[in-house]
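K.L.:
Build me a model:
(chains A and B)
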2 protein chains.
Amino acid sequence: MPEEFVVTPYQVTGEIDYDLLIQKFGTKKIDDGLLKRLGKYGPLHHMLRRGIFYSHRDLEWILNEYDKGHGFSLYTGRGPSGPIHLGHLMPWVFCKYLQDTFKAKLWFQLTDDEKFMFYDHLTLEETRKWGYDNALDIIALGFDPKLTNIFLDTEYIKTMYPTAIKAAKKINFSTIRAVFGFDNSNNIGSIFFTSIQTVPCFLESMEQKKKVACLIPCGIDQDPHFRITRDIAEGLGYYKPALIHAKLMPSLSGGEKMSTSSKADTTVFTTDDKKTVKKKIGNAFTGGRVSVEEQKKLGGNPDICSVHAYNTYFFEPDDEKLAKLYSDCRAGRIMCGECKQLLFEKVWKFLEEHQRRREKAEDVVEDFFVRD
Amino acid sequence: MPEEFVVTPYQVTGEIDYDLLIQKFGTKKIDDGLLKRLGKYGPLHHMLRRGIFYSHRDLEWILNEYDKGHGFSLYTGRGPSGPIHLGHLMPWVFCKYLQDTFKAKLWFQLTDDEKFMFYDHLTLEETRKWGYDNALDIIALGFDPKLTNIFLDTEYIKTMYPTAIKAAKKINFSTIRAVFGFDNSNNIGSIFFTSIQTVPCFLESMEQKKKVACLIPCGIDQDPHFRITRDIAEGLGYYKPALIHAKLMPSLSGGEKMSTSSKADTTVFTTDDKKTVKKKIGNAFTGGRVSVEEQKKLGGNPDICSVHAYNTYFFEPDDEKLAKLYSDCRAGRIMCGECKQLLFEKVWKFLEEHQRRREKAEDVVEDFFVRD
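P.N.:
Predicted coordinates for the structure are as follows:
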């Protein structure tokens, strides 16, 4: 029996059974047929091949729209509450793959309002500052400035507010209680917020003044917001947004979903220096045995190893190399130290380039931002 | 025993005991000492002399601020859900008296968002249209364009939203339930709305980038919004707003607070033509007897008469004339028909001029409106 787990945009606890989550949330698994179809638009991303983006809502319909020449927009977001770590980048890298493959316009929402309202320790000035900081990481990933609109909620609110209140009028507090687990002690800004998170699904339609489909690549924990959106979209005169859901990238400490606050010694931030990255990966939780001798004899367990998870999710896109690492580990042919060193080299190679691009991003921020 | 009554911004039922309301709400009565002090700044308005504006919060403090040369701003508003009637104008006329007397900057909020979210039958496009329509009535009253900023919430949201969410973070749903009587079936826009209604108290402070006092003239039914505002104002770095509360102008049908929707046959709209006004006043509920003979013998009852109330609240500013009307009625010297005719003449004189000014207002709307 899987232990009890909770997955909402505001709480992730317990060991997640991702297949059970599909049943609980009522989404669909991305099956072999759909993977095959996705492979026709370009090389299949390793996050699809490996079942990291594993669940969806209406993805076939989005592809039908695309096939008919209608196109679709992409929407993803970030709650700017602190620095960006590798776990944040993972779905955005996939989002870039979608943009490149389908030449889709991306609306990237920075929810400075949300993070301010949900976190006691953050001022609005701080979440805005983090918004601009985090945008550098987004831009550094190489999104096409012609196809990408990044915005802070507080800077795009005049555009969004009329649609947000039209959404809000259709959502009562009972729904919020049921979907997010809120109660009477929640502040009224947090209760209202899902209305704001609903709007970017419709921004392309609003801009083009016609119905345009929208696909949201996101962690499956964000699905509840968009279940509400899907319930009300047609009543507002828009298409229901489609979704493609990722599993949550484990942290290097072995837990589910990286946490900025609690695991600073194993969370690799995009601005960490080489020495820090090396140290953090060195501290990673692995599936190794108590001694080298034992590991050579019995082999390690890559299934519980955070280093292997990092390779799988992000840093070893080559399936053959990944399979070799796996079998070498199982067979006791590779020790954790070596494996960590290999991961470190790949991570640092990525980060060195990312940091260079991140610095250059400062010059082109204005090519990406939209404001009222 | 007074019958049960309920007064919130969203519900007014029962026969209101205004003195009991002061106790319930925890406000202060405007006593003779305060009236005397108010009289030093200029002729005392008849709505003060007659106890129509009868209750307050921190009005002495506002006058202290003024006496120190600090000045204060005024804030009032209108939920644009339909055409303006005489009951709406009453507190605005008083607001103009405050502006004239204290040379105070007025922030006039048109809550197009609120009316959309609270009324099923209204679209946002309609409430915006009513906002612009209603603004003509406001401007026609003669507010000083140099001292008056009128705004629609949806057109000033970028300025207001950051402060609104700072307010929202300090208000939980328990408070909203207790203050407004909401429950889980309320939509999340209506739950959030009081945050938006809080902001104009601080707009002058935001503009001047220093703490400026704010006085809100309003119907006492609006007090609950600002009780919440007062609880959180200092935590947001502003002064608590002060309030001066009016009793609710009775309708010509004799009930409390005019209603646009249900009493169209006795509600005098600002754009009604002469014949319609005459007919509506002719239909008014009075304190007259069943026959002229009986009334001549026993006298009428002006205390329950809506025509007398109209004179008292609005149309007979001369205390002596009002007293004479009262005693003539009591003594059976004046019949209801004559009294209605006298009221009609005063109302029509006012409306004829108002309609002329209302038409001219269309040319100067832009002198009054502020937008993001």
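K.L.:
what's the burial count for residue A:225?
P.N.:
25 (other C-beta atoms under 10 Å in any protein chain shown). (Each C-beta comes from the backbone N, C-alpha and C, glycine too.)
K.L.:
Helix or strand for it, just tell me which one.
P.N.:
Assigned by DSSP states H and E, residue A:225 belongs to helix A:223-233.
K.L.:
Give me the buried stretch members for that helix, please.
P.N.:
Residues of helix A:223-233 classed as buried under the neighbour-count rule (16 or more other C-beta atoms under 10 Å in any protein chain shown) are A:223, A:224, A:225, A:226, A:227, A:228, A:229, A:230, A:232, A:233.
K.L.:
So which elements touch whichever helix or strand comes after that helix?
P.N.:
Tracing the chain past helix A:223-233, the next element assigned as helix or strand by DSSP H and E is strand A:242-246. The contact analysis (3 or more C-beta pairs under 8 Å, 6 or more residues apart in numbering or on different chains; DSSP states H and E) places strand A:242-246 against strand A:53-57, helix A:59-67, helix A:86-102, strand A:213-219, helix A:223-233.
K.L.:
what does strand A:242-246 rub up against?
P.N.:
Contacting residues not belonging to strand A:242-246 are listed as A:27, A:30, A:47, A:52-59, A:61-62, A:72, A:90-91, A:94, A:213-220, A:223, A:226 [C-beta atoms under 8 Å, 6 or more residues apart in numbering or on different chains].
K.L.:
In this structure residue A:306 contacts residue A:253, no?
P.N.:
Yes. Applying C-beta atoms under 8 Å as the test, residue A:306 and residue A:253 come out as touching, 7.0 Å apart.
K.L.:
More neighbours: the two, which one.
P.N.:
Neighbours of residue A:306 and residue A:253, each counted by other C-beta under 10 Å, are more numerous for residue A:306; the result is 22 against 17.
K.L.:
What separation do you get for that one and residue A:80?
P.N.:
26 Å (C-beta to C-beta, to the nearest Å).
K.L.:
Now do the same contact list for the residue of the stretch 201-350 of chain A found nearest chain B.
P.N.:
Per C-beta to the nearest C-beta, residue A:228 is where the stretch 201-350 of chain A lies closest to chain B, at 9.8 Å. Counting by C-beta under 8 Å, 6+ apart, residue A:228 makes contact with A:171, A:175, A:179, A:194, A:198.
K.L.:
let's see 6 Å
P.N.:
Neighbour list for residue A:228: residue A:194 [criterion: C-beta atoms under 6 Å, 6 or more residues apart in numbering or on different chains].
K.L.:
pLDDT wise, what is it at?
P.N.:
pLDDT, residue A:228: 95.
K.L.:
same check, this time on residue A:9
P.N.:
87.
K.L.:
Repeat that for residue A:14.
P.N.:
What the model reports as pLDDT for residue A:14 is 85.
K.L.:
Pull the number of nearby residues for the residue nearest to residue A:16 when sequence neighbours are not counted.
P.N.:
Excluding the flanking residues, the one nearest residue A:16 by C-beta to C-beta, 6 or more residues apart in numbering or on different chains is residue A:5, at 5.0 Å. Residue A:5 has 16 neighbours, counted by other C-beta under 10 Å.
K.L.:
mind checking how far the residue most central in space within chain A is from residue B:284?
P.N.:
Centroid-nearest residue in chain A, with C-alpha atoms, centre = their mean: residue A:91, separated by 3.7 Å. Per C-beta to C-beta, residue A:91 is found 67 Å from residue B:284.
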